[in-house]
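*Asks:* Fold the following.
(chains A and B)
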Amino acid sequence: MWPGVCRPAAAASTTPMRWSQLFIPTLRDAPADAEVVSHKLLLRAGYVRQLAAGFYCYLYLAKRSINKIEAIIREEMNAIGAQEIFLPEVHPAEIWQESGRWDAIGDDMFRFKDRFGRDLCLGMTEEEVVTWLARGEMRSYKQLPQIWYQIQAKFRDEPRPKSGLMRVRRFTMKDSYSFDIDAAGLDVSYNKHYDAYCRIFSRCGLEYLAIEAHSGAMGGSESHEFVVPSDAGEDRVVECAASGYAANLEKAVAQAPAPTEPDPEGDAAPAELATPNQKTIAEVAAFDGLPETHHIKTLVLVADGQPVMALLRGDRQLNETKLASLLGANEIRPAHPEELRQWLGADAGSLGPVGAPKSMRIVADTALEGRKNLVAGANKTGFHLRNVTPGRDFAAEFVDIREVEEGDLDIESGQPVRLRKCIEVGHIFKLGYKYSQSMDLRVSGDEGKEVTPIMGSYGIGVERILTAAIEQNHDEAGMAMPAAIAPFEVVVTPINWKTDEQREAAETLYASLLEAGVDALLDDRAERAGVKFNDADLAGIPFRVVVGKKVTEGLVELAVRSTRQSSDVKIEEVVGLLREKLAAAKA
RNA sequence: CGGGGCGUGGCGCAGUCUGGUAGCGCGCCUGCUUUGGGAGCAGGAAGCCGGGGGUUCGAAUCCCUCCGCCCCGACCA
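*Replies:* Predicted coordinates:
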C-alpha cells in the first residue's frame, strides 16, 4: 500500500523530495482574480494560496524559495556584524505612544485589546521595541555601535491589498536597527547596510537600482531605496543613465525644459481678462492664446490646518511629498470650495497669488523664478490677470515643488531623464535621534556625560524579492527562477517511470546529485512527459535532467530553464556539469 | 473611503434578461490502452449556485440586505 516500501532501499532516505509525494497543486488556468504575472504564476505553480485579502498561505515551493532568500540575507547581515534577534509581533500601545506614532500612524496599524482592555497592536516595524530594549540594557558608549536584525512577520492594514504578494497585509521583513555614538558612526552602519543590500539583491539574481528616497513618516535624513524595475511595480523612479542619478519620483529633482516661447516684453501692470468658464490651464491657454508655460497654476492646500498656496508653471504638476516635507506637514489636503471663497473670494479655476491675503504662505516652484508677464487667476471667479510678474506683483518663496516628468533634464548631465516603474524591495534610513530622543535612550559618553545614541533602520521585504524575481524572470511557460532562490536547483525527469533502465538511472543520478550537494528533486510521477515538463517549467526550476531512451547509450538531456536550450550529456558528466553551472548561476 | 466588476464542484466558465430544482471544458478517482511538451476509451465521485430575509405553488434566476474577492483612484516606510 505504501509506495515507499516496495521501492529500492537507496531511495528511502530522500523520500520527501519525490515529486509524487509533494503537495504542488499546479493549475492549468490562472484564477480569474489574478492580474499581475507574478500573482498568476505563484498561484498556477502551486507556490501560494490566498486565505483572505492580503493574507497568503505559502506552500512548499514558496517556503523553500523564501528559506533560501532568508539564508542569503542572514549570511550577508552576519557578515557586517549584525546580530540576529527575534522580537514579539504584538506590541503594547505604550511604546508607540512614547514615540508619538500611536497617533501619527492611523488606520494602517492593526490594533486590538487584550482581555483586560489593554491596547495592543501588531508590529508594522520595530523601532519602538528595539529602542525600548536598548534603553533598558545599554549603559555605555563602549557598548556601541550595535546592529540588531530579525526576520519577522510585519502587519499593515493596507487599504487596498493587491497584486499577489506585492502589497499584502502580512509579510516577512528583515528589519535591522543600528545604534551609534555619533553621526560618523551612523554613516558607517548605514554604509555597511548599503553594501550588504547590494550583495543580497545581486545574489538573489535581481537587476536592481539603489535610489535616493524620501524618508516619509520614518523621520530622519538620508534614505535609499532598493528597487527592481518592473511594470508591476508601484514606485516610480527617475533615472538618468548618463550621470547615474536615480531617485524616487517623490523626491526626484530635474530641470524642467525652458518655456515654449520667451516671455512677452514690457512692464505693464497686471490687467484683468475675462475668462468665463475657463478653469483648467489648458482651457485658459486655449482661450488667451498663450502657451501653458506662460500660465501660473495656483493650488490652495491645507497643511496641518494651515492654508498654503502652491504655484507652478502651467504645464507642471505639484509633488505633494516635496511640498509636505518643505512645510514639515503631516497631512496635506486640497482646500474645500468654501475655504477658497472665504480666503480668496473666488472659486478654483480663478485663483492666483496677486492680492492673496498676507497671512497665506505662498510657495512658488523654481520654474517660475525670473519669469515675467504671465497669466494667473484674478481671485475673482471667471477672471484672470495678464502681465503678472513674480517678485513684482506678489512675493513667494521659490522652492522646487514640481514633479519630475519623463524628458526633464538631469541636473548633472543635462541629459533627459526617464521614468520607470519599480518594485521596492529594500529601504534604508538614517533615523537620527527621533526614537532615541522621544523614548529617552541615553548612555554615558567618554567624558562621563550622558549621550543620546543615533539610530538607523533598514528593511528588506522578503516576499517582494520572490515577487520581483518572478516579474523579472518569466516567459509564456512560467517562472524562470534565479538558481539561488529557486525552490529546487535541478529536477530529474525520467520520461517513462515504468521503464526499468530510466527509473534506475534516474534514481542513481538523483542520489549522486544529492550527494554532490545539489538541491535536486526527482519527478517520479507516472505522468506523461509533457505534464512533467510543463510543471517543471511553470515552477521555474533552473535545470532539468531528462532521462529518456538514450539512457541506454549513456546519454541524458540537460535543459536550461532560462534559455530553454537543451543538449545531450554523458550521464557520468552531468553532476559535475551541473555543479559548474550552478556555481556560475549563483556567483 | 469614492468609482467599476465579480461571487455557480479544485480551476476556467455557461445558465440569471424571459423563475420549473444545475451544465460544459480542464482537473480528480477506478480500469484498460498509451508514453519526449498538459493522451485515448469506458466507468465514477464531487456543487445547501457567497450568507440572511422576502415575493412565489416553485428562486442560481425577481426584490431587499449583509458579506467576500478583484480592478481603477484615494491612501501607503
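
*Asks:* ok, what's across the strand from the most centrally placed residue in chain A?
*Replies:* Chain A has A:E424 as the residue nearest its centroid, 1.3 Å off, counting by CA atoms, centre = their mean. The partner list for A:E424 in beta bridges (DSSP bridges) reads A:V227.

*Asks:* if I look at it, how far off is A:V237?
*Replies:* 9 Å (CB to CB, to the nearest Å). In short, each C-beta sits where N, CA and C put it, glycine included.

*Asks:* Report the set of residues contacting both of the two.
*Replies:* The contact sets of A:E424 and A:V237 overlap at A:V227 (CB atoms under 8 Å, 6 or more residues apart in numbering).

*Asks:* Residue ranges in chain A under the pLDDT threshold?
*Replies:* Regions of chain A meeting the criterion pLDDT under 70 cover residues A:1-16, A:216-220.

*Asks:* Per the annotation, how does it divide into domains?
*Replies:* Domains of chain A are assigned by automatic domain parsing as A:49-86+A:127-253+A:418-469, A:271-399, A:488-587.

*Asks:* Just checking the distance from the first one to the centre of its chain.
*Replies:* Yep, that's domain A:49-86+A:127-253+A:418-469 we're talking about. Taking CA atoms, centre = their mean, to the nearest Å, one finds the center of domain A:49-86+A:127-253+A:418-469 at 10 Å from the center of the full chain.

*Asks:* Looking at the domains of chain A, which is nearest to RNA strand B?
*Replies:* domain A:488-587 (1.9 Å; CB to the nearest atom of the strand).

*Asks:* Export the domains of chain A to CSV and append columns for distance to A:A34.
*Replies:* Below are those laid out as CSV (distance: least, CB to CB, whole Å):
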stretch, distance to A:A34
domain A:49-86+A:127-253+A:418-469, 7
domain A:271-399, 31
domain A:488-587, 14
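
*Asks:* want to try JSON lines for the ones you listed, with distance to RNA strand B as columns?
*Replies:* Listed next are the domains of chain A as JSON lines, based on distance: least, CB to the nearest atom of the strand, whole Å:
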{"stretch": "domain A:49-86+A:127-253+A:418-469", "distance to RNA strand B": "3"}
{"stretch": "domain A:271-399", "distance to RNA strand B": "7"}
{"stretch": "domain A:488-587", "distance to RNA strand B": "2"}
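
*Asks:* out of these, nearest to A:Q21?
*Replies:* Among the domains of chain A, the nearest to A:Q21 by CB to CB is domain A:488-587 (8.3 Å).

*Asks:* List the contacts of A:S512.
*Replies:* By CB under 8 Å, 6+ apart, the contact set of A:S512 is A:V575.

*Asks:* any idea how far it is from A:N277?
*Replies:* Counting by CB to CB, the gap from A:S512 to A:N277 is 81 Å.

*Asks:* I'd say the residue nearest to the centre of chain A and A:S223 touch.
*Replies:* No - using CB atoms under 8 Å, A:E424 is not in contact with A:S223, being 11.7 Å away.

*Asks:* which helices and strands does the helix or strand containing A:E75 pack with?
*Replies:* Using DSSP states H and E, A:E75 maps to helix A:60-79. Helices and strands touching helix A:60-79, by 3 or more CB pairs under 8 Å, 6 or more residues apart in numbering; DSSP states H and E, are strand A:83-84, strand A:146-155, strand A:170-180, helix A:183-203, helix A:462-472.

*Asks:* For A:D400, which non-adjacent residue is spatially closest?
*Replies:* Residue nearest to A:D400 in three dimensions, not counting chain neighbours: A:T366, with 5.1 Å by CB to CB, 6 or more residues apart in numbering.

*Asks:* Let me see the ranges of the strands in the stretch 151-300 of chain A.
*Replies:* Here the stretch 151-300 of chain A has its strands, by DSSP state E, counting those that start in this stretch, at A:170-180, A:209-212, A:223-229, A:235-239, A:246-248, A:271-274, A:296-303.

*Asks:* can you redo those strands as TSV with distance to A:M455 and mean neighbour count?
*Replies:* Below are the strands of the stretch 151-300 of chain A laid out as TSV (distance: least, CB to CB, whole Å; neighbours: other CB atoms under 10 Å):
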stretch	distance to A:M455	mean neighbour count
strand A:170-180	6	23
strand A:209-212	20	19
strand A:223-229	13	25
strand A:235-239	24	21
strand A:246-248	22	22
strand A:271-274	55	12
strand A:296-303	27	21
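
*Asks:* Can I get the ones you listed in TSV including distance to A:G554?
*Replies:* Below are the strands of the stretch 151-300 of chain A laid out as TSV (distance: least, CB to CB, whole Å):
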stretch	distance to A:G554
strand A:170-180	45
strand A:209-212	47
strand A:223-229	43
strand A:235-239	51
strand A:246-248	52
strand A:271-274	89
strand A:296-303	75
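
*Asks:* can you pull the contacts of A:E222?
*Replies:* By CB under 8 Å, 6+ apart, A:E222 lies in contact with A:190, A:215, A:429-430.

*Asks:* Okay, the closest residue to A:D114 other than its chain neighbours and A:S457: tell me how far apart.
*Replies:* Among residues not flanking A:D114 along the chain, A:L120 sits closest, at 5.8 Å (CB to CB, 6+ apart). Distance of A:L120 to A:S457, given as CB to CB: 22 Å.

*Asks:* Look at those two and report which has more neighbours.
*Replies:* Shown here are A:L120 and A:S457; by other CB atoms under 10 Å, A:S457 has more neighbours (25 against 16).

*Asks:* Give the bridge partners for the more buried one, please.
*Replies:* Under the criterion used (DSSP bridges), A:S457 bridges to A:Y177, A:F429.

*Asks:* Please enumerate residues in contact with stretch A:30-41?
*Replies:* By CB under 8 Å, 6+ apart, stretch A:30-41 touches A:43-44, A:47, A:163-166, A:232, A:466-468, A:470-471, A:474, A:478-479, A:538, A:540.

*Asks:* Are any of these buried, and if so which?
*Replies:* Burial by neighbour count, 16 or more other CB atoms under 10 Å: within the contacts of stretch A:30-41 this picks out A:43-44, A:47, A:163-166, A:232, A:466-468, A:470-471, A:474, A:478-479, A:538, A:540.

*Asks:* Alright, calling it a day.
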